[in-house]
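Engineer: Sharing a model that was predicted from the sequence below.
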Amino acid sequence: MQTKRTLDEWLTWQETLMEETIVLGLDRVKIVYDELFPNGVPFKVITIGGTNGKGSSIAFIDSIYEQSKYKIGRSTSPHLLKYNERFAIDGKEVSDASIISAFELIEQKRDNITLTYFEFSTLATLIIFADARVDLALLEVGLGGRLDSVNVVDCNVSIITNIAIDHIEYLGDTREAIGYEKAGIMRNSIHCICGDQDPPLSLLNYAKEINAPLTLIKEGYQGEIGLEGAHQRINAAVAIKAIEKLNYLFPVTNNMIVEGIKKAQIAARFQKIIIGDKTVILDVAHNPAAVETLVNTLLESPIETVAIFSALADKNIDDMIKLSSNSIKQWFLVPLSSERSIQLDALNDKFADSQTTTVCANMDSAINETLGLKNIKRIVIFGSFYTIADASEILNLM
């Protein structure tokens with residue numbers, strides 16, 4: 001009798017199936033999706049795309065519906081420490097057993113179709129939510145939109161948080177090109193809510209072309225809010241508008257909205273931890289637009305700040321450093337647990353002679369060194385999901 005694979009064994013095996021980590025396109029995943037769900041998924045869907053702010057928008061929506069009686073599935077990526085973080089039902093991560101069961105069903109149905117790690121994750125999400133009989137699924141797009149595996153599902157409302165330059169090797173190197181890719185999650189006659197303050201023409205034109213009613217959010221939410229930063233007020237307003245568009249299916253009260261926005265929390269988005277006399281801020285800012293937002297939020301309480309920083313080699317690290325340099329007194333550079341991370345010597349070379357950098361052996365030593373600085377009250381850790389994952393493990397946050 002064959003021994004059942006553990007979750008870790010399943011994930012390790014999935015990583016070996018294709019040489020490339022990211023293979024965009026819906027052809028392969030659509031075949032398996034149609035096998036699993038010949039009549040489509042048995043729940044309503046909000047698809048959330050955009051460059052930054054997807055996780056926060058989902059957190060607001062999830063928190064509002066948590067005040068109600070509806071059963072909500074939430075799918076996000078990547079995870080920080082544990083794969084199970086990608087799937088939650090009514091705010092609780094699903095078990096290894098649920099995920100393994102979904103993988104086994106995909107394996108039965110996929111025949112000879114090769115799937116990527118992320119495609120397995122997308123299909124597993126849908127199986128898990130169908131088995132749990134959720135009323136509504138919040139599905140975060142992994143990369144782009146038009147060709148991302150999440151786009152195999154037709155939505156009841158779509159959200160595009162914003163458009164910025166990131167993943168240029170897959171999506172193009174202009175906001176117009178990236179806007180077109182993100183716009184691909186829209187559907188004919190289905191409301192799309194967009195939080196971008198200057199949406200590219202490609203997005204506006206695509207909405208007109210396919211007759212998708214587009215609502216542009218220009219004013220941020222003005223009430224009490226659980227997440228810090230002016231940008232979160234826009235994300236909250238986007239979330240509220242999406243919920244309003246589904247009010248005919250899932251009515252909520254104004255009080256539920258107010259409470260949900262107030263109680264919303266999300267790990268690693270300007271997440272504050274107090275350690276002794278210091279405030280440690282963890283933020284997954286990993287592209288220039290996200291770093292600019294992080295800096296603006298830091299400037300709301302201007303105090304001397306040091307940074308623990310590292311990033312993946314394919315990111316626009318020069319602009320990330322340039323945007324944040326005036327806010328950072330000293331930089332502590334760390335290696336990351338990813339093959340895609342930049343080498344420390346190369347990272348250190350990107351800083352000007354006038355900037356103070358310390359190259360650390362690991363995250364542990366960087367955290368200890370910064371916590372030992374006498375006159376510094378704030379430490380910000382940012383640059384990549386991997387940076388935050390390594391820090392979270394040491395700080396026992398997850």
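Structural biologist: Received it, and whenever you're ready, just let me know what you need. Residues are numbered from 1 along each chain as shown.
Engineer: beta partners for residue 137?
Structural biologist: With DSSP bridges applied, the residues forming beta bridges to residue 137 are residue 45, residue 73.
Engineer: Report how many residues lie close to it.
Structural biologist: Residues contacting residue 137 under the criterion other CB atoms under 10 Å number 26. Every C-beta, even on glycine, is put in place using the N, C-alpha and C of the backbone.
Engineer: Could you do residue 215 as well?
Structural biologist: Residue 215 has 17 neighbouring residues, counting by other CB under 10 Å.
Engineer: Equivalent analysis for residue 287, please.
Structural biologist: As a burial measure, the neighbour count of residue 287 was computed by other CB under 10 Å and equals 20.
Engineer: before we move on, what about residue 229?
Structural biologist: Using other CB under 10 Å: residue 229 sits among 19 other residues.
Engineer: just checking, what packs against the helix or strand hosting residue 176?
Structural biologist: Residue 176 is part of helix 175-183 when elements are defined by DSSP states H and E. Where contact means 3 or more CB pairs under 8 Å, 6 or more residues apart in numbering; DSSP states H and E, helix 175-183 is packed against helix 168-171, helix 201-209.
Engineer: 10 Å instead, please
Structural biologist: Using 3 or more CB pairs under 10 Å, 6 or more residues apart in numbering; DSSP states H and E as the contact test, the elements touching helix 175-183 are strand 44-49, strand 157-160, helix 168-171, strand 192-194, helix 201-209.
Engineer: Contacts for the helix or strand just after the longest one next, please.
Structural biologist: Yep, that's helix 201-209 we're talking about. With elements assigned by DSSP H and E, the helix or strand that comes after helix 201-209 is strand 214-216. Residues outside strand 214-216 that contact it (CB atoms under 10 Å, 6 or more residues apart in numbering): 157-160, 183, 186, 191-199, 203-204, 206-208, 238, 241-242, 244-245.
Engineer: Buried members of those into PyMOL, please.
Structural biologist: Only the buried members of these end up in this PyMOL selection, burial being decided by 16 or more other CB atoms under 10 Å:
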select buried, resi 157+158+159+160+183+186+191+192+193+194+195+196+199+203+206+207+238+241+242+245
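Engineer: Residue 6 versus residue 343, what's the distance?
Structural biologist: Taking CB to CB, to the nearest Å as the measure, residue 343 falls 33 Å from residue 6.
Engineer: repeat for residue 152
Structural biologist: When distance is defined by CB to CB, residue 152 is 27 Å away from residue 6.
Engineer: Would you list the phi and psi of the nearest residue to residue 356 once chain neighbours are set aside?
Structural biologist: For residue 356, ignoring the flanking residues on the chain, the nearest one in space by CB to CB, 6 or more residues apart in numbering is residue 330 at 4.4 Å. The main-chain torsion angles of residue 330 are listed as degrees, to the nearest 10 and equal phi -150, psi 140.
Engineer: gap between residue 330 and residue 306?
Structural biologist: Remark: distance between residue 330 and residue 306 (CB to CB) = 5 Å.
Engineer: Can you add distance to residue 91 and mean pLDDT and give the helices and strands packed on helix 175-183 back as JSON lines?
Structural biologist: Putting the helices and strands packed on helix 175-183 into JSON lines (distance: least, CB to CB, whole Å; pLDDT from 0 to 100) gives the following:
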{"stretch": "strand 44-49", "distance to residue 91": "16", "mean pLDDT": "98"}
{"stretch": "strand 157-160", "distance to residue 91": "19", "mean pLDDT": "98"}
{"stretch": "helix 168-171", "distance to residue 91": "31", "mean pLDDT": "83"}
{"stretch": "strand 192-194", "distance to residue 91": "22", "mean pLDDT": "98"}
{"stretch": "helix 201-209", "distance to residue 91": "31", "mean pLDDT": "98"}
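Engineer: of residue 152 and residue 6, who's got more company?
Structural biologist: Between residue 152 and residue 6, residue 152 has the larger neighbour count (other CB under 10 Å), namely 19 against 11.
Engineer: Now for that one: which residues touch it?
Structural biologist: Neighbouring residues of residue 152 by CB under 10 Å, 6+ apart: 26, 29-34, 37, 41, 119, 122-123, 126.
Engineer: Excluding covalently adjacent residues, which one is nearest to it?
Structural biologist: residue 33 (4.8 Å).
Engineer: looking at it, that neighbour is touching residue 153, isn't it?
Structural biologist: Yes: between residue 33 and residue 153 there is a contact under CB atoms under 10 Å: 7.7 Å.
Engineer: Using PDB, list the CA coordinates for the least confident helix or strand in the chain by mean pLDDT.
Structural biologist: Ranked by mean pLDDT, DSSP states H and E, the weakest helix or strand in the chain is helix 168-171, scoring a mean of 83. Taking C-alpha atoms only, helix 168-171 is exported to PDB below (Å, rounded to 0.1, in the frame of the first residue of the first chain):
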ATOM      1  CA  ILE A 168       8.600  43.700 -16.200                       C
ATOM      2  CA  GLU A 169       9.900  40.500 -17.700                       C
ATOM      3  CA  TYR A 170       6.400  39.000 -17.700                       C
ATOM      4  CA  LEU A 171       4.100  42.100 -17.900                       C
END
